[in-house]
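# Quick one, structure for this:
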Amino acid sequence: LEGRLHQAGKGLVLDLRHRNALIPGLTTFVKGRLAPAGARFELLVPPHEMKADLDLGRFSPSAAGTMARGRIGAAAQVTLDNRGLRGAGRFKLNAGRVHQEHRNLSLEGIELALQMDDLFQPRSAPRQELRVARLALGEIQAEGLAVDLQIENTRTLFIEKAGLSWCQGRVNTSALRIDPAKADYNLTLYCDRLNLAQLLKQLGAADASGDGSVNGRIPLRWADQRLSFDNGFLYSTPGQSGTIRLSGTQGLLAGLPPGSPQHTQLDIATEALKDYSYQWAKLLLQSEAEILLLKLQLDGKPNRLLPFAYDQSLGQFKRVAGAGQAEFKGISIDLNFRSPLNEIIHYKDLLTPN
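Alright, predicted model coming up:
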């Protein structure tokens, strides 16, 4: 601290400043008055734009490699009298950015307004706002994250509500209280009009495009340092059809003997899904250890002739060369996908210090 200190009557008046050694250029101004009956201080951090990325490892070794920047500011009042030591303040972050290149983590356009009713408990006012314009975690990309929260004490953070835009739709969550002493959490994602093709692509199931959306619930559980999906169920809106185009599905045929009924049926299904219109769709999500299991159910028809012909001698369809010959009026399709959960979102990397 440096500045000016002088006597005023029976008290002292302070006019000081503190230059932060951890955040280059950040200065805190302290004004105050000490008197026999007590003391009062006002602290001000004028809006400060960080000129370069700051490694958060300066504050915690476990955060090493996490880079951040933004414009921060704060103000606080501290009083000491016969009622004890009290303090309140506010903190603001604008145009914030956090990223970890080696872990595919990125948060951009961070806005945080935090009103602290008690600095020494600490406790914030209810419904403090955190907003993130764009975020990426592994293969998952979303935008428009909005969180209402409250810091309840030194250990507990209460998420009053949260939501974000994902896959052209919206995802909202139920309330959640986070306590480091608790190791088992259950959270439900409420999904509204998620684009089915984008959802399959981001979850690592298939390279997909198309229109048509699904709605429903995805229950999540965090226990024993593991994230799992528990009987998630998404479905298309009744009466609203869609289209889907899948590519790179040849791997689904691996392990099935060519010419077998199972191989032929799956071959027709994957060929149909290269351009397919459905009347309804369902997507089931379940975890098995570190694998995300997705079961896609569709009812509809391909939008083109398929390269198959019915072989009377075999009593089944077989693939033929050249242009498509078979017109299918309707095909119901069930496909199962297996996706490595940690490779999609890299959640374990986030929990592992460098």
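# Report the secondary structure state of the residue nearest to Ile110 when sequence neighbours are not counted.
In this structure, Ile110 finds its nearest non-sequential neighbour in Gly96, 3.0 Å apart by Cβ to Cβ, 6 or more residues apart in numbering. Every residue, glycine included, has its C-beta placed from N, CA and C. Under DSSP: H, G, I helix; E, B strand; the rest coil, the three-state class of Gly96 is strand.
# Hmm, Gly96 is touching Ser106, no?
No: checked against Cβ atoms under 8 Å, the pair Gly96 and Ser106 is beyond contact range at 11.7 Å.
# higher neighbour count, these two?
Taking other Cβ atoms under 10 Å, Gly96 and Ser106 do not tie; Gly96 has more neighbours (21 against 16).
# Tell me the spacing between the more buried one and Asp53.
Relative to Asp53, Gly96 is positioned 11 Å away (Cβ to Cβ, to the nearest Å).
# Lys318 now?
Lys318 sits 59 Å away from Asp53, going by Cβ to Cβ.
# Gly163 too?
Gly163 sits 28 Å away from Asp53, going by Cβ to Cβ.
# If you count surrounding residues, which of the two has more?
The neighbour comparison of Gly163 against Asp53 (other Cβ under 10 Å) goes to Gly163, with 17 against 13.
# ok, now which ones touch the closest residue to the more buried one other than its chain neighbours?
Nearest residue to Gly163 in three dimensions, chain neighbours excluded: Asn172, at 4.0 Å (Cβ to Cβ, 6+ apart). By Cβ atoms under 8 Å, 6 or more residues apart in numbering, the contact set of Asn172 is Lys161, Ala162, Gly163, Leu189, Tyr190, Asp192.
# Any chance of CSV for those residues, columns distance to Ala289 and pLDDT?
Listed next are those as CSV, based on distance: Cβ to Cβ, whole Å; pLDDT from 0 to 100:
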residue, distance to Ala289, pLDDT
Lys161, 31, 95
Ala162, 27, 97
Gly163, 30, 97
Leu189, 21, 95
Tyr190, 26, 97
Asp192, 30, 97
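# With distance to Ala68 and secondary structure as added columns, please give these in TSV.
What follows is the contacts of Asn172, written out as TSV (distance: Cβ to Cβ, whole Å; DSSP: H, G, I helix; E, B strand; the rest coil):
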residue	distance to Ala68	secondary structure
Lys161	25	strand
Ala162	21	strand
Gly163	24	strand
Leu189	27	strand
Tyr190	30	strand
Asp192	32	strand
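# Report the buried members of the residues you listed.
Neighbour counting with 16 or more other Cβ atoms under 10 Å marks Ala162, Gly163, Leu189 as buried within those.
# Make sure the first one is actually in contact with Gly144.
It stands for Ala162. No: contact criterion Cβ under 8 Å: Ala162 and Gly144 do not qualify, at 11.2 Å.
# Parallel or antiparallel, list what pairs with the host helix or strand of the residue nearest to Gly163.
Using DSSP states H and E, Asn172 sits within strand 169-173. Using DSSP bridges, the strands paired with strand 169-173 are strand 157-166 (antiparallel), strand 184-195 (antiparallel).
# Indicate which one of those is closest to Leu130.
Each of these has some distance to Leu130 by Cβ to Cβ; the shortest is strand 157-166, at 8.6 Å.
# buried sites along the closest one?
Under the neighbour-count criterion of 16+ other Cβ under 10 Å, strand 157-166 has Phe158, Ile159, Ala162, Gly163, Leu164, Trp166 buried.
# correct me, but the second one touches Ala146?
No: Ile159 is beyond contact range of Ala146, at 11.3 Å (criterion: Cβ under 8 Å).
# Look at His102 and tell me its secondary structure.
At His102 the chain is in helix, as set by three-state DSSP.
# and if you look at Ala197?
For Ala197, the assignment made with three-state DSSP gives helix.
# re the thing from before, need the CA coordinates for the strand holding Asn172. PDB is fine.
Extracted in PDB, the C-alpha atoms of strand 169-173 (Å, rounded to 0.1, in the frame of the first residue of the first chain):
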ATOM      1  CA  GLY A 169     -32.700 -25.500 -29.700                       C
ATOM      2  CA  ARG A 170     -32.700 -24.800 -26.000                       C
ATOM      3  CA  VAL A 171     -31.600 -26.700 -22.900                       C
ATOM      4  CA  ASN A 172     -32.600 -25.800 -19.400                       C
ATOM      5  CA  THR A 173     -31.700 -27.400 -16.000                       C
END
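# In contact with Arg86, which residues?
By Cβ under 8 Å, 6+ apart, Arg86 lies in contact with Val78, Thr79, Leu80, Asp118, Phe120.
# can you tell me how far the third one sits from Thr28?
Going back to what we said before, that points to Leu80. In terms of Cβ to Cβ, Leu80 sits 18 Å off from Thr28.
# what's downstream of the host helix or strand of Ser339, the next helix or strand?
According to DSSP H and E, Ser339 maps onto strand 331-340. Once the chain leaves strand 331-340, the next helix or strand it forms, by DSSP H and E, is helix 341-345.
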